[in-house]
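In: structure for this input, please:
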Amino acid sequence: MTSEKPARAPAPRPRARRKPAPPAPAAPSPGVSPPGAPGPGVPAPDAPENARRPGAVTDAGALQPAADAGVHKITDARAMRALAHPLRLELLEALMHAGTLTATQASELLGESPANCAFHLRTLAKYGYVVEAGGGQGRERPWRRAHDVLQVTTDQEDPVAATAAEELGQFWVDVVLERARSALSRSNLWPAEWKHNPLLGESQHITYVTPEEASELGLAINQLYRRYYDRVDHPEQRPAGAMPIEILALSYPLLHLADRPVPGAGDAMPDQQPE
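Out: Next up is the predicted model:
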């Protein structure tokens, strides 16, 4: 994806110097999100929006009302491209987890310089993704996320925005799938009490449903996720022992199967044969 080119900020530290993040459990199942925090905090286009966790970048679907509080629909190509940056996604995810952070605090968490974090926080603020939480000055002013869910759809009137949405979606998919592969491959490092939890791990299912049934199923799944939405961005509402769990839902039609003829599918059952 082509990145937006604002006034140059201090060059980020080489990735090799980044503090490694501890492996986090992930279930490819954000059911839901990017997409989370965005990806790292965000989620992704071209997947039902309701299947994304808060903070996900998602493709608009019929499964979650657009009027939901905290949902921000992105239609500007520049705003989409501004989001397609690994550190900005990490900042959004860090804010989701902590509630508020200063540039200095973010730098300590992410292994970046305070100046670099401050620049990227200001860029996120420029496009409405974060806002000042009040108090402090300069790099010591706290920031918070402005929206629970970032909604992106490839169905745009502006073809430039539609292309940017596709690029952002692919960027998000790459980020989240790589994180899922990494976390699942190191499940032996998960805390003991989480290793055999039925929510975690890999699962894959194929089901045959009509468009109406698919919408009904998507709404039902979304309602399950929304039970715990109030804990996102609000650490004080999380019970003791709460673990951040990424639930990645990927749902898509298997067109190669749908186009295959099924022998006898249109035949009557034996006891229904005409005399």
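In: so residue 209 sits against residue 217, correct?
Out: Yes - using C-beta atoms under 8 Å, residue 209 is in contact with residue 217, at 6.5 Å. Every C-beta, even on glycine, is put in place using the N, C-alpha and C of the backbone.
In: and those two? which has more neighbours close in?
Out: Remark: of residue 209 and residue 217, residue 217 carries more neighbours, 14 against 11, as counted by other C-beta atoms under 10 Å.
In: ok so that one is a helix residue?
Out: Yes - according to DSSP: H, G, I helix; E, B strand; the rest coil, the state of residue 217 is that of a helix.
In: check what pLDDT it gets.
Out: In this model, residue 217 is scored at 95, pLDDT.
In: how about whichever helix in the chain runs longest: buried residues?
Out: Secondary structure of the chain per DSSP state H: the longest helix is helix 159-185. For helix 159-185, the buried set under the neighbour-count rule, 16 or more other C-beta atoms under 10 Å, comprises 161-169, 171-173, 175-176, 179-180, 183-184.
In: phi, psi of residue 152?
Out: Dihedral pair for residue 152: phi -120, psi 130, per degrees, to the nearest 10.
In: pLDDT below threshold where in the stretch 1-150 of the chain?
Out: Low-confidence regions of the stretch 1-150 of the chain, defined here as pLDDT under 70, cover residues 1-70.
In: which stretches in the stretch 1-150 of the chain count as strands?
Out: Per DSSP state E, counting those that start in this stretch, the stretch 1-150 of the chain carries strands over the ranges 26-27, 57-58, 71-74, 130-132, 143-145, 149-152.
In: next: the stretch 151-275 of the chain.
Out: Under DSSP E, counting those that start in this stretch, the stretch 151-275 of the chain gives strands at 246-247.
In: low-confidence regions, it specifically.
Out: Along the stretch 151-275 of the chain, segments meeting pLDDT under 70 span 266-275.
In: can you rerun that using 80?
Out: For the stretch 151-275 of the chain, applying pLDDT under 80 flags the ranges 264-275.
In: circling back: which helices and strands sit right next to the longest helix of the chain?
Out: Helix 159-185 is packed against strand 26-27, strand 57-58, helix 77-83, strand 149-152, strand 246-247, with contacts defined by 3 or more C-beta pairs under 8 Å, 6 or more residues apart in numbering; DSSP states H and E.
In: touching, residue 153 and residue 166? I think so.
Out: No - with contact taken as C-beta under 8 Å, residue 153 and residue 166 are classed as non-touching, separated by 10.4 Å.
In: ranges for the helices of the chain?
Out: For the chain, the helices defined by DSSP H occupy 77-83, 86-98, 103-110, 114-126, 159-185, 211-226, 255-258.
In: got the angle for the second one vs helix 159-185?
Out: Think helix 86-98. 60 degrees (axes from the mean of the first three to the mean of the last three C-alpha atoms, to 10 degrees).
In: and helix 86-98 with helix 103-110, angle?
Out: 100 degrees.
In: just put the helices and strands packed on helix 159-185 in CSV and tack on distance to residue 259.
Out: Shown next, in CSV, are the helices and strands packed on helix 159-185 (distance: least, C-beta to C-beta, whole Å):
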stretch, distance to residue 259
strand 26-27, 31
strand 57-58, 27
helix 77-83, 33
strand 149-152, 29
strand 246-247, 31
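In: single out the most deeply packed of those.
Out: Comparing the helices and strands packed on helix 159-185 by mean neighbour count (mean count of other C-beta atoms under 10 Å), strand 57-58 comes out on top with a mean of 36.
In: and stretch 142-161, how far apart are its ends?
Out: With C-alpha to C-alpha, to the nearest Å applied, stretch 142-161 spans 31 Å between its terminal residues.
In: many thanks, we can stop here.
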